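[1] missing the sequence, but the structure's below:
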């Protein structure tokens, strides 16, 4: 989905969550989810016929589309293939796992003794760094080309990794983003853990309910998001649209101590991550106009709000505006951070806060901490200058980035 | 199957793997698959799998090594079919 469609969808609070008969067939508790719908025609705008032969890796498909769209939006045309790579241009593209469907195909062939029939693209489609490898080749990137993986923090971490590469003078432009595979083989483990909702198989658009009293688990999703980071001097010289400046950020881990675990965050680490992101950015907490939360629609949402309140030392009516894209498109796992960053930057650029759908009944613990007016239920047009985005992932890992309008 | 038939079918398989700057008209009986037609060497594996499917044959590793031109490919395929 390109920027105009996405912008319209988040402004109007459109849900992309659907029922998937396949999940019901496979006895999933949660039979709903969100995944991009990519036509064969659309695929051919980004991949050659040869690349699409035996291609079966959704995460790479979404990542390449988002990455090339971001490049195009930044006015960088790589269609005329130069012989030499662009040494100043790199890629950091996160993912949780790659080419699961392709891997499944390969396993069936292998177990039948047909290893020789895997073809030449099984490795490229199933290696973690497949997405950055495909993108790097299409773009002729000659700087760092890599894939990072920190579960649901991957997308936000990718932006900070790209930012570091530019801030330390090692690169001029970095394409940063993340993507995720989807379908039963990726979502099954979460279904088994009972962290997804089983209550909305008949009401998919109402299923994902961040910050709501009736939140009952997350809804699995997928997709990809990407941004092109560039040194400020270079962006100004090129005269392109600058959505925001990355002021800084922080990445840390709770070490699975102090209440943190594989699946639960150490709140002290979360607060430390946000506080140090602000310090690193030279921003006072009161300057934050808007927070793009991680907020997955599980029982942990009130804890996240508590952590934001503590880290920013702001509460009640003094708390910044906050929302969660997951209400509309579910939890895109490794893809979530980057898709949410795209939504945050569009809000910053166009001065609005998108509606928190499915949050007509704000969780009482959250309502005690912050004024429910700060959780807009309808699109709110309001000037935004400085915003914060954080993502938290399995393994007790955190990432927080601060953006400011120029 | 005649040599001409094999050649026509082989051509239609190879053309998928040609880089953008090589046209199907550049394929001749003596063309070298990698050096002249610029087929990515890793894609040769896929060409072989396509040939196996199209002709119902199996090409062994040592035969693959000998398959460097269009004519050597035709020769190997013809031998396999006749067996």
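    The structure has been received and is ready for your questions. Just so you know, these numbers come straight off a predicted model, no measurement behind them.
[2] Around residue A:279, count how many other residues there are.
    Neighbours of residue A:279 under the rule other CB atoms under 10 Å in any protein chain shown: 12. In short, each C-beta sits where N, CA and C put it, glycine included.
[3] What separation is there between it and chain B?
    49 Å (CB to the nearest CB, to the nearest Å).
[4] Quick one: list the elements packing against the helix or strand where that residue lies.
    With secondary structure defined by DSSP states H and E, residue A:279 is part of helix A:267-281. The contact analysis (3 or more CB pairs under 8 Å, 6 or more residues apart in numbering or on different chains; DSSP states H and E) places helix A:267-281 against strand A:245-253, helix A:301-312, strand A:386-393, strand A:397-404.
[5] do you know how far the closest residue to residue B:18 other than its chain neighbours is from chain A?
    Among residues not flanking residue B:18 along the chain, residue B:37 sits closest, at 6.2 Å (CB to CB, 6 or more residues apart in numbering or on different chains). Distance, residue B:37 to chain A, using CB to the nearest CB: 13 Å.
[6] how much space is there between residue B:37 and residue A:179?
    Using CB to CB, to the nearest Å, we find residue B:37 at a distance of 34 Å from residue A:179.
[7] How about the residues of the stretch 151-300 of chain A by chain B?
    Counting by CB under 8 Å from any CB of the partner chain, no position of the stretch 151-300 of chain A is adjacent to chain B.
[8] And the helices in the stretch 151-300 of chain A, which stretches?
    Assigned helices in the stretch 151-300 of chain A, in chain order: A:154-167, A:184-193, A:232-238, A:267-281 (criterion: DSSP state H, counting those that start in this stretch).
[9] I'd like the helices and strands packed on helix A:267-281 laid out as JSON lines, including distance to residue A:112.
    Shown next, in JSON lines, are the helices and strands packed on helix A:267-281 (distance: least, CB to CB, whole Å):
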{"stretch": "strand A:245-253", "distance to residue A:112": "42"}
{"stretch": "helix A:301-312", "distance to residue A:112": "46"}
{"stretch": "strand A:386-393", "distance to residue A:112": "36"}
{"stretch": "strand A:397-404", "distance to residue A:112": "39"}
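[10] Make a markdown table out of the ones you listed and add mean neighbour count and distance to residue A:321.
    Output for those, formatted as a markdown table (neighbours: other CB atoms under 10 Å in any protein chain shown; distance: least, CB to CB, whole Å):
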| stretch | mean neighbour count | distance to residue A:321 |
| --- | --- | --- |
| strand A:245-253 | 20 | 18 |
| helix A:301-312 | 22 | 12 |
| strand A:386-393 | 27 | 9 |
| strand A:397-404 | 26 | 14 |
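[11] rewinding a little: nearest to residue A:215, of the helices of the stretch 151-300 of chain A?
    For residue A:215, the closest of the helices of the stretch 151-300 of chain A is helix A:184-193, at 15.5 Å, according to CB to CB.
[12] which of the residues in the closest one are buried?
    A:184, A:186-187, A:190-191 (16 or more other CB atoms under 10 Å in any protein chain shown).
[13] for stretch B:25-42, same thing?
    B:27, B:31, B:33, B:37, B:39.
[14] need those residues in a markdown table with secondary structure, distance to residue A:5 and pLDDT, can you?
    Converted to a markdown table, those look like this (DSSP: H, G, I helix; E, B strand; the rest coil; distance: CB to CB, whole Å; pLDDT from 0 to 100):
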| residue | secondary structure | distance to residue A:5 | pLDDT |
| --- | --- | --- | --- |
| B:27 | coil | 43 | 93 |
| B:31 | coil | 46 | 94 |
| B:33 | coil | 44 | 95 |
| B:37 | coil | 41 | 95 |
| B:39 | coil | 39 | 94 |
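[15] quick check, nearest of these to chain A?
    residue B:39 (10.2 Å; CB to the nearest CB).
[16] any idea how far that closest one lies from residue A:44?
    21 Å.
[17] Next: residue A:258.
    For residue A:258, the distance to residue A:44 - CB to CB - is 51 Å.
[18] Looking at chain B, what residue ends up closest to chain A?
    For chain B, CB to the nearest CB, closest residue to chain A: residue B:42, 4.3 Å.
[19] Can you name every helix or strand that the lowest-mean-pLDDT helix or strand in chain B contacts?
    Taking mean pLDDT, DSSP states H and E as the measure, chain B has helix B:61-66 as its least confident helix or strand, at a mean of 90. Helix B:61-66 sits against helix B:70-82, with contacts defined as 3+ CB pairs under 8 Å, 6+ apart.
[20] What are the buried residues along the helix it packs on?
    Buried residues in helix B:70-82 (16+ other CB under 10 Å): B:70, B:73-74, B:76-78, B:80.
[21] Out of these, which one has the lowest pLDDT?
    The lowest pLDDT within the buried residues of helix B:70-82 belongs to residue B:80, which sits at 90.
[22] which residues in chain A form strands?
    A:18-19, A:32-33, A:89-95, A:145-146, A:173-180, A:223-230, A:245-253, A:290-292, A:321-323, A:352-353, A:380-381, A:386-393, A:397-404 (DSSP state E).
[23] Tell me which strands the last one pairs with, and in which orientation.
    The one in question is strand A:397-404. strand A:245-253 (antiparallel), strand A:386-393 (antiparallel) (DSSP bridges).
[24] what does chain B have sitting close to chain A?
    So chain B meets chain A at B:16-17, B:42-43, B:45-46, B:49 (CB under 8 Å from any CB).
[25] Just list the residues touching the single nearest residue of chain A relative to chain B, thanks.
    In chain A, the residue that lies nearest chain B is residue A:120 (4.3 Å; CB to the nearest CB). Residues counted as contacts of residue A:120 (CB atoms under 8 Å, 6 or more residues apart in numbering or on different chains) are B:42-43, B:45-46.
[26] what's the closest of those residues to residue A:280?
    For those, the nearest to residue A:280 is residue B:42 (43.5 Å; CB to CB).
[27] hang on, that closest one is in a helix, isn't it?
    Yes: counting by DSSP: H, G, I helix; E, B strand; the rest coil, residue B:42 is found in a helix.
[28] For it, give its distance to residue B:62.
    Distance from residue B:42 to residue B:62, by CB to CB: 19 Å.
[29] hmm, back to that, tell me the buried residues within the contacts of residue A:120.
    B:43, B:45-46.
[30] how near is residue A:24 to residue A:18?
    12 Å.
[31] Sorry, wrong one. I was asking about residue A:226.
    Taking CB to CB, one finds residue A:226 at 24 Å from residue A:18.
[32] ok, the two, which is more surrounded?
    residue A:226 (31 against 16).
[33] what is the nearest residue in space to the more buried one that is not next to it in sequence paired to in the beta sheet?
    Leaving aside its chain neighbours, residue A:226 sits nearest to residue A:177 (3.1 Å; criterion: CB to CB, 6+ apart). On the basis of DSSP bridges, residue A:177 is bridged to residue A:93, residue A:226.
[34] Pull the contacting residues for residue A:177.
    A:63, A:66-67, A:70, A:93-94, A:155, A:158-159, A:224-227, A:338.
[35] mind putting the residues you listed in TSV, pLDDT and distance to residue A:328 included?
    Listed next are those as TSV, based on pLDDT from 0 to 100; distance: CB to CB, whole Å:
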residue	pLDDT	distance to residue A:328
A:63	98	20
A:66	98	17
A:67	98	22
A:70	98	20
A:93	98	23
A:94	98	21
A:155	98	16
A:158	98	22
A:159	98	21
A:224	98	16
A:225	98	13
A:226	98	19
A:227	98	19
A:338	98	15
